[in-house]
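Colleague: Generate a structure from the sequence data that follows.
(4 chains)
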There are 2 protein chains.
Amino acid sequence: MSTLTAKGAATRQRIIEGTAAEIRENGLLDLTLDDVRARTRTSRSQLFHYFPGGKDELLLAVARLEAARVLADQQPQLGDLTSWAAWQAWRDRVVERYRNQGRHCPLNVVMSQISRTTPGAQAVVAELIHQWQAELAAGVRHMQAAGEIDPALDPDHAAAALLAGVQGGVLILLSTGRITYLEAALDTGLQQLRDSRPRA
Amino acid sequence: MSTLTAKGAATRQRIIEGTAAEIRENGLLDLTLDDVRARTRTSRSQLFHYFPGGKDELLLAVARLEAARVLADQQPQLGDLTSWAAWQAWRDRVVERYRNQGRHCPLNVVMSQISRTTPGAQAVVAELIHQWQAELAAGVRHMQAAGEIDPALDPDHAAAALLAGVQGGVLILLSTGRITYLEAALDTGLQQLRDSRPRA
DNA sequence: GGCAAAATGGACTGGCAAGTCCAGAAAAAG
DNA sequence: CTTTTTCTGGACTTGCCAGTCCATTTTGCC
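Modeller: Here you go, the predicted model:
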């Protein structure tokens, strides 16, 4: 890619964020480049100037943006799972975030739709899942060190199960509008961790 | 709808199943009616004869088929969760099913893509989730009656959490190709149930 | 057999959306 | 200041795909 001027970089960013917003509102299924153009006030040639690979390349950029946002939205709680209160705060944060989000979860769009077609997006999703799991596992290790969680428990395994619950809870929320499943997955997952506490 | 002859019913069924197979192999994103025509050896007018509502109506029929299949594929284990061995057998069945399934999960297509646009499909998904959860909850109640699970535990809540784990595990499997998450969700979920057993 | 209803074949339309191209404006470079 | 590079506008092309239409064949029914 040729060098970008400040103006060019701003336009490029505007396109990415506008596309992300458009997807969040209306989904990916009937997203057209004209929709993007209308929202971001850009011309056709600008789109292809900044994303020579066309729609796919643009969507990949959006995927990266949204993947970063998913983790950022859980901070600082996710990075500081060092007490039961902190875990609970994280749980509340997640529930709140998805409760407020409409019917179009950008992450789910990335996972379910973009990543199947665009090989690059697959790597983005894999990396996101990996980081998310790693942060949860780090939290488990903290609690083990503090004697609050059974040291025999495999942190990565526990984190994987918890993460699967969150993903599934969100998916069901998106499909049925009911948030019960997400809450149940989080609550029973945390309960299990608490119950594992070694008796002194 | 006008009355169908035996031949007509067969053709209609052939179209639905062929479409389902096509989606399972290539996904919904670039599914065209011509693909359906090629696989099912039907003419354009046949498609619109049996599905006057066009593509949407056809996809709704596919959604119904796949929703039924998801539950059917878990039988008889899902309907007979009356011992720990049975629960384990169900768990193995689920893992095996999704391990063998390619990158295109028809249920996920229904949940993530069809149900957002077609209002009817949303009801199909809701009903599927509800039945699935009900069967799991029934299993929990069985085990409670047998004294193997803490009677204070809410069966619907536990079933919801378990189901969310399965959904999330499958979603992650589809996105990353790793089945670890599904296994972790199932294993820790079942472990939690086992651990709740009241001490005699 | 004959009539009505259903099933089938395939040409045709219309629209839409991705991607191309070139010309001109704005900005950086020297 | 002028030259080169980047940025922008918008017309144009191309191809595809859902949906329509009508003619023909097959089937059910009496």
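Colleague: alpha carbons only for contacts and neighbour counts from here, please
Modeller: Fine.
Colleague: Quick one: the helices in chain A, in order.
Modeller: For chain A, applying DSSP state H gives helices covering A:6-26, A:33-40, A:44-50, A:55-72, A:84-100, A:106-109, A:115-117, A:119-145, A:155-176, A:180-195.
Colleague: Show residues contacting the shortest one.
Modeller: If you take CA atoms under 8 Å, 6 or more residues apart in numbering or on different chains as the criterion, helix A:115-117 is touched by A:A121, A:Q122, A:V125, B:R103, B:S175.
Colleague: Close to DNA strand C as well: tell me which of the residues you listed qualify.
Modeller: Contacts with DNA strand C are made by none of these, judged by CA under 7 Å from any atom of the strand.
Colleague: Relative to B:R12, which of those residues is nearest.
Modeller: B:R103 (26.7 Å; CA to CA).
Colleague: quick one: contacts for the closest residue to that closest one other than its chain neighbours?
Modeller: In space, and not counting its chain neighbours, B:R103 is closest to B:L174: 5.6 Å by CA to CA, 6 or more residues apart in numbering or on different chains. By CA under 8 Å, 6+ apart, the residues touching B:L174 are A:S112, B:R103, B:H104, B:C105.
Colleague: from the residues you listed, which is closest to A:A20?
Modeller: A:S112 (15.5 Å).
Colleague: Quick check, pLDDT for the most centrally placed residue in chain A.
Modeller: Geometric centre of chain A, nearest residue: A:V70, 3.2 Å, by CA atoms, centre = their mean. A:V70 is assigned 95 on the pLDDT scale.
Colleague: Spatially nearest residue to A:E25 (excluding sequence neighbours)?
Modeller: A:E25 sits nearest to A:H104 (CA to CA, 6+ apart), 6.5 Å away.
Colleague: quick one, phi/psi of that neighbour?
Modeller: For A:H104, the backbone dihedrals (degrees, to the nearest 10) come out as phi -120, psi 100.
Colleague: in the lowest-mean-pLDDT helix or strand in chain A, what's buried?
Modeller: Ranked by mean pLDDT, DSSP states H and E, the helix or strand of chain A with the weakest confidence is helix A:115-117, at a mean of 76. Buried residues in helix A:115-117, counted by 16 or more other CA atoms under 10 Å in any protein chain shown: A:S115, A:R116.
Colleague: Is any residue of it near DNA strand C?
Modeller: No - contact of helix A:115-117 with DNA strand C (CA under 7 Å from any atom of the strand) is absent, the minimum separation being 12.4 Å.
Colleague: about what we covered before: list just the nearest of the contacts of helix A:115-117 to A:T82.
Modeller: A:V125 (26.4 Å).
Colleague: who's in contact with that closest one?
Modeller: A:V125 neighbours (CA under 8 Å, 6+ apart): A:A67, A:V110, A:M111, A:S115, B:S175, B:T176.
Colleague: what's the most distant pair in those?
Modeller: Taking CA to CA, no two of these sit farther apart than A:A67 and B:T176, at 14.2 Å.
Colleague: Any regions of chain A where pLDDT drops low?
Modeller: Within chain A, the stretches with pLDDT under 70 are A:1-2, A:200.
Colleague: ok, now with 90
Modeller: A:1-4, A:27, A:29-30, A:101-119, A:197-200 (pLDDT under 90).
Colleague: Could you show which parts of it are in contact with DNA strand C?
Modeller: Checking chain A against DNA strand C by CA under 7 Å from any atom of the strand, the hits are A:5-7, A:31-34, A:44-45, A:48, A:52-56.
Colleague: Derive a ChimeraX selection command for the buried subset of the residues you listed.
Modeller: Under the burial definition 16+ other CA under 10 Å, those of the residues of chain A next to DNA strand C that qualify are selected in ChimeraX by:
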select /A:33,56
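Colleague: Now do the residue nearest to A:E25: how many residues are near it, please.
Modeller: Around A:H104 there are 18 other residues, counting by other CA atoms under 10 Å in any protein chain shown.
Colleague: ok and the residue in chain A nearest chain B?
Modeller: Proximity of chain A to chain B (CA to the nearest CA) peaks at A:G168, 3.5 Å away.
Colleague: That residue contacts B:G165, doesn't it?
Modeller: Yes - using CA atoms under 8 Å as the test, A:G168 is close enough to B:G165 to be in contact (5.7 Å).
Colleague: Which of these two has more residues huddled nearby?
Modeller: Higher neighbour count among A:G168 and B:G165: B:G165, with 36 against 27, using other CA under 10 Å.
Colleague: what's the closest non-adjacent residue to that one?
Modeller: Per CA to CA, 6+ apart, closest to B:G165 is A:G165, 4.0 Å.
Colleague: Quick check: that neighbour vs B:H142, distance?
Modeller: Distance, A:G165 to B:H142, using CA to CA, to the nearest Å: 24 Å.
Colleague: Alright, I will stop here.
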